[in-house]
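> Show me the folded form of this:
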Amino acid sequence: MQIFDSNLTPAELRRRTGDTAAFGGIRQVVLDNGSERGVRAVELRTSAGLELQLLVDRALDFGDARLAGVPFGWRSGNGYRHPGLHEPNGEDGLSWLRAIDGLLVTGGLDHTLFGGEYDASHYNYPPKQTVKHGLHGRLTGIPARLLEAREIWDGDNAILRVVGEVVQATAFGEHLKLTRTVELDFDGREIRLHDRVENLGFERTPHMFLYHLNFGWPFVDEGTEFVAPIASHLWQSDSIAEQGISYRHLPEPQRGMVEQVTEHELIAGPDGRHRVALIAKDGARGIDLSWDAAGMPNFFEWQNLRDGAYAIGLEPSTNHVLGESAAREDGSLIWLEHGEFREYSTSIRVLGGEAETSAVRAAIREIGDQPD
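Purely as a prediction, here's the structure:
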């Protein structure tokens, strides 16, 4: 393992400390103030300076994220609100906006994107002919059950692993289980996320899934470039034509900016994965994001570049941006029978230095170009 400037085996590392937690490890904590009070979290820390907070009571989503003390995950100002405060159908379905905060907020498990009222006759419960969904579904407000949080030492390698499960269920409705595994190398700068969503119920059930991966300053800054192999823009919000802010090169924070959303048609690499990046203007830092294209073939770029909320959201998705109604109409909505499941594999690598950012840019350009 690369520990600071030394190449050490685990035995050599242990000769130099009474506790390897001095250099990296896992700690379980409970947040205890304000709207966050009672939220369980798992904190992971690597010897390379990568720190990641997993919010157990927020569906095991990602909270704070830093490298060498520098944040790359976005903070919205909402805080990591206790799920007991969450109202999934409040504010005409927009109460999810009071919950979004941190590096990852997952949408699902049976609905993502904007809300509405949909047919529920497949559940065979006459009083429930329809079901109402708010923005990005109910998952954000469901606590996880922590199954594993430990260091695994195997020969010359060590990883930090956290596993949990989240069950979204109701009588006469969906009964879906998300099993989430997060791994970091003890000496690494990469987050590996593996999700499995299974239908535990015996009724045919819709499944939609989305990662709202949120990056903020200083990884998002004036001149930061969004790099991706893009075949075309499938959809753009009206605000893009009105404001004319580039999807590719980011400006400084904008007073009163209206959010911009673009659905990009990405080109998958030879490994079957989609890959995009955020690269600082001077190449000194960046984010390398990749995921299995078969699981999440669609992708949105969310630009929330206004004063006080300066962020970019990179959003792999099972569905197109027009959401559940369009998916039902065109037949693209995923339906899971009893015992059926879907799996998703994603990695987030934090880049440091021009050599790394240049290499990632070149690798993406080999897959495909992008429009200006």
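> by contact count, what packs against whatever helix or strand residue 42 lives in?
According to DSSP states H and E, residue 42 maps onto strand 40-45. Judged by 3 or more Cβ pairs under 8 Å, 6 or more residues apart in numbering; DSSP states H and E, strand 40-45 is in contact with strand 25-30, strand 50-55, strand 145-154, strand 157-169. C-beta coordinates here come from the backbone N, C-alpha and C atoms, glycine included.
> so of these, which one's packed in deepest?
strand 50-55 (a mean of 24; mean count of other Cβ atoms under 10 Å).
> So which elements touch that strand?
By 3+ Cβ pairs under 8 Å, 6+ apart, strand 50-55 packs against strand 40-45, strand 61-67, strand 175-185, strand 190-199.
> picking up where we left off before, tell me which of the helices and strands packed on strand 40-45 approaches residue 225 most closely.
strand 50-55 (22.7 Å; Cβ to Cβ).
> what mean pLDDT does the closest one have?
Average pLDDT, strand 50-55: 98.
> Run through who's touching it.
Strand 50-55 has contacts (Cβ atoms under 8 Å, 6 or more residues apart in numbering) with 39-45, 60-67, 80, 102-103, 162, 164, 182, 184, 188-191, 350.
> So how do I select the buried members of these in ChimeraX?
Selection of the buried residues among those in ChimeraX, burial being defined by 16 or more other Cβ atoms under 10 Å:
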select :39,40,41,42,43,44,45,60,61,62,63,64,65,66,67,80,102,103,162,164,182,184,188,189,191,350
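> wait, what's in contact with residue 111?
Residue 111 neighbours (Cβ under 8 Å, 6+ apart): 118, 133, 136, 137, 138, 206, 208, 324.
> got these as CSV, with distance to residue 283 and secondary structure columns?
What follows is the contacts of residue 111, written out as CSV (distance: Cβ to Cβ, whole Å; DSSP: H, G, I helix; E, B strand; the rest coil):
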residue, distance to residue 283, secondary structure
118, 46, strand
133, 42, strand
136, 34, coil
137, 37, strand
138, 41, coil
206, 43, strand
208, 37, coil
324, 40, helix
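> could those be laid out in TSV, adding pLDDT?
Below are the contacts of residue 111 laid out as TSV (pLDDT from 0 to 100):
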residue	pLDDT
118	96
133	95
136	96
137	96
138	96
206	98
208	98
324	97
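> is it possible to export those to a markdown table including distance to residue 291 and neighbour count?
Formatted as a markdown table, the contacts of residue 111 follow (distance: Cβ to Cβ, whole Å; neighbours: other Cβ atoms under 10 Å):
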| residue | distance to residue 291 | neighbour count |
| --- | --- | --- |
| 118 | 27 | 16 |
| 133 | 24 | 23 |
| 136 | 18 | 25 |
| 137 | 19 | 25 |
| 138 | 23 | 21 |
| 206 | 21 | 23 |
| 208 | 16 | 23 |
| 324 | 21 | 21 |
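> could you check the angle strand 190-199 makes with the strand holding residue 42?
Strand 40-45 runs at 150 degrees relative to strand 190-199, counting by axes from the mean of the first three to the mean of the last three Cα atoms, to 10 degrees.
> got the residue ranges for the helices in the protein?
For the chain, the helices defined by DSSP state H occupy 10-14, 90-93, 238-243, 323-330, 354-367.
> Same list, these, but as CSV with distance to residue 155 please.
Shown next, in CSV, are the helices of the chain (distance: least, Cβ to Cβ, whole Å):
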stretch, distance to residue 155
helix 10-14, 8
helix 90-93, 51
helix 238-243, 51
helix 323-330, 46
helix 354-367, 27
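> Residue 129: which of these is closest?
helix 323-330 (15.0 Å).
> Determine the set of other helices and strands touching the closest one.
With contacts taken as 3+ Cβ pairs under 8 Å, 6+ apart, helix 323-330 sits against strand 116-119.
> List the buried residues in stretch 355-366.
Per 16+ other Cβ under 10 Å, stretch 355-366 contains these buried residues: 356, 357, 360, 361, 363, 364.
> Give me the sheet partners of the strand holding residue 42 and which way each runs.
Strand 40-45 pairs in its sheet with strand 25-30 (antiparallel), strand 50-55 (antiparallel), by DSSP bridges.
> give the contact list for residue 56.
Taking Cβ under 8 Å, 6+ apart, we find residue 56 in contact with 39, 40, 41, 42, 143, 144, 146, 164.
> what about the fifth one, distance to residue 92?
Note on residue 143: its distance to residue 92, by Cβ to Cβ, to the nearest Å, is 25 Å.
> Compare those two (neighbour count), which wins?
Using other Cβ atoms under 10 Å, the more surrounded residue of residue 143 and residue 92 is residue 143, with 20 against 9.
> quick one: buried residues of stretch 203-215?
In stretch 203-215, counting by 16+ other Cβ under 10 Å, buried: 203, 205, 206, 207, 208, 209, 210, 211, 212, 213, 214, 215.
> end to end, how far does it reach?
Distance between the two ends of stretch 203-215: 38 Å, counting by Cα to Cα, to the nearest Å.
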